[in-house]
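>>> What follows is a predicted structure for the sequence shown.
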There are 2 protein chains.
Amino acid sequence: MASKYMKIYNEIVSEIQNGNIEPRSMLKSESELMQEYSVSRDTVRKALNLLERDGYIQRLQGKGSIVLDINKFDFPVSGLTSFKELSERMGGRTRTYVKELALVKPNDFLMKHLNVSKDDEVWKVVRVREIGGKKIILDKDYFNRKFVPALTREICEDSIYEYIENKLGLKIGYAKKVITVQKASEEDIKYLDFDKFDMIVVVKNYVYLEDTTLFQYTESRHRPDKFRFVDFARRSR
Amino acid sequence: MASKYMKIYNEIVSEIQNGNIEPRSMLKSESELMQEYSVSRDTVRKALNLLERDGYIQRLQGKGSIVLDINKFDFPVSGLTSFKELSERMGGRTRTYVKELALVKPNDFLMKHLNVSKDDEVWKVVRVREIGGKKIILDKDYFNRKFVPALTREICEDSIYEYIENKLGLKIGYAKKVITVQKASEEDIKYLDFDKFDMIVVVKNYVYLEDTTLFQYTESRHRPDKFRFVDFARRSR
DNA sequence: GAGTGGTCTAGACCACAGG
DNA sequence: CTGTGGTCTAGACCACTCC
């Protein structure tokens, strides 16, 4: 988990993020990095591949690697970053209100989206996220109780992800997000500061463990004027 | 460009897409693939890494690689896929109307988003996309004339990307998308079949060449009820 | 123990950029 | 020509899963 190439990756990422490495400048060459970290070329290249995949650098044959100039608040783009990590990056001014926390029997909706049977029990968590004094996001989370035996209000107010990954030791593998725009529901209007909008941005999030079992379904409902999603894409060659 | 590992990658992708490889089944092991393609283990692993990155498989230490069960219409998710590629995947029933095609002097908006100076010239292309008989997307493209000397209506009705990559030989490196929701403009209402909506989903797309120069700025404006964006994300460990 | 994937190494040859 | 990154190889050792 702390492999050599991940150390190199992490060091370079933080150097880029805190400005020690200038955007648009040339990164050290592979051979320089080999010496600096006393590793083989392949190990350096593994780190550089990750940096390229994540949009930190662009590699140019015959030249070297350019550090890309990316708005640091847009990073990590389109990742699995949780609201807590996000709000820390935004410099606080965020609050979470737990509106609902209960074990429920799955209805058709849940059986379809969370892939559970009638006999399972499901945690339902409804939370309102406040940013800059405005209630802007309504998060509805569903977990299969098989994986998360206990949940408390305190955990939900802090970070469910942290609890799941660090305390329960579950390993998140990947997630699929689907973004759509819908008519706002009565629940949206009841819980959020809504002013004049009648539509809502819905981010459906299917989270899978490393063994590919579907583990969580979340609907994150955003006030449209405050919604912003950044994606970084590479041409796969 | 046709490296061994890309061949392996492409073959496995198409086998997954056309159903020759069952979702949720085990992929061949690395050593089997080494023999099948007569390559070294590293070459196999390069292909498998790409497959994992793109969400086709999940690799499990000590077990093997599972083929993920993904809706084939959601793929490639969050890529650089052009409207033409997309419409081919949707099975036709799409049309493109070129509403505007002109060389313009950059205004402040363009100088900011396309990173050009007052003396450059910029191609402006406005196109309406029709799907299933409804005009749903308004695409506004801007290219620096330095890179694209000539453009015709025919090219715009077909695929600008194809022209750029195949005819001009420019190499797209990466792109950054920003998705927001705004009040619909008069232009949106004029060009699109709008019914009852007053908001529009705006996808800003910044396209960069391999040498990291910003080359194109596009605003893709979608009718909210028809908008859908899928993203696949991995926990970077 | 046998088989799987994960990391790391050392060396080779190629393609490309720039003086 | 030198230095850069891109591909490919062969071999080693480790961690994990399953029987």
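All right, it came through fine. Remember, predicted model here, so these are calculated numbers, not experimental data. Numbers count the residues shown, from 1 in each chain, chains lettered A, B, ... in the order given.

>>> check contacts around A:R153.
A:98, A:101 (Cβ atoms under 8 Å, 6 or more residues apart in numbering or on different chains). All C-beta spots, glycine's among them, are computed from the backbone N, C-alpha and C.

>>> now swap in A:T152 and tell me
Contacts of A:T152 (Cβ under 8 Å, 6+ apart): A:L101.

>>> can you tell me the helix or strand for the residue sitting furthest away from the middle of chain A?
Using Cα atoms, centre = their mean, the residue of chain A lying farthest from its centre is A:G62. It sits 34.9 Å away. Using DSSP states H and E, A:G62 sits in no helix or strand.

>>> How is chain A divided into domains?
A:4-71, A:83-226 (automatic domain parsing).

>>> Which stretch among those approaches B:Y9 most closely?
domain A:4-71 (14.3 Å; Cβ to Cβ).

>>> Work out the gap between the closest one and the centre of the chain.
The gap between where domain A:4-71 is centred and where its chain is centred comes out at 23 Å by Cα atoms, centre = their mean, to the nearest Å.

>>> Averaged pLDDT, that domain. What do you get?
The average pLDDT within domain A:4-71 is 94.

>>> does DNA strand D sit close to it?
Yes: Domain A:4-71 reaches DNA strand D (Cβ under 7 Å from any atom of the strand) through A:27, A:29-32, A:41-42, A:45, A:48, A:59-65.

>>> List buried residues within those residues.
Among those, those classed as buried by neighbour count (16 or more other Cβ atoms under 10 Å in any protein chain shown) are A:27, A:30, A:48, A:59, A:65.

>>> Mind checking which of those are in strands?
Among those, the members found in strands (DSSP state E) are A:59, A:65.

>>> pretty sure A:F194 contacts A:H222?
No: counting by Cβ atoms under 8 Å, A:F194 does not reach A:H222; the two are 11.6 Å apart.

>>> Comparing those two, which residue is more hemmed in?
A:H222 (23 against 16; other Cβ atoms under 10 Å in any protein chain shown).

>>> for DNA strand D, what are the nearby residues on chain A?
Residues of chain A lying close to DNA strand D by Cβ under 7 Å from any atom of the strand are A:27, A:29-32, A:41-42, A:45, A:48, A:59-65.

>>> which of those residues are close to DNA strand C?
With the criterion set as Cβ under 7 Å from any atom of the strand, the members of the residues of chain A next to DNA strand D near DNA strand C are A:41-42, A:60-63.

>>> Closest one of these to chain B?
A:L60 (6.6 Å; Cβ to the nearest Cβ).

>>> For chain A, which segments count as strands?
Under DSSP E, chain A gives strands at A:57-60, A:64-67, A:94-104, A:122-131, A:134-144, A:172-183, A:199-209, A:214-222, A:229-234.

>>> Those: which one's closest to B:W123?
Of all the strands of chain A, strand A:229-234 comes closest under Cβ to Cβ, at 22.3 Å.

>>> Let's see that closest one as CSV, backbone CA atoms only.
The C-alpha trace of strand A:229-234 is given here as CSV (Å, rounded to 0.1, in the frame of the first residue of the first chain):
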residue,chain,number,x,y,z
PHE,A,229,-18.8,19.1,-12.0
VAL,A,230,-15.4,18.9,-13.5
ASP,A,231,-14.1,16.0,-15.6
PHE,A,232,-10.7,15.3,-17.0
ALA,A,233,-10.5,13.0,-20.0
ARG,A,234,-7.7,11.6,-22.1
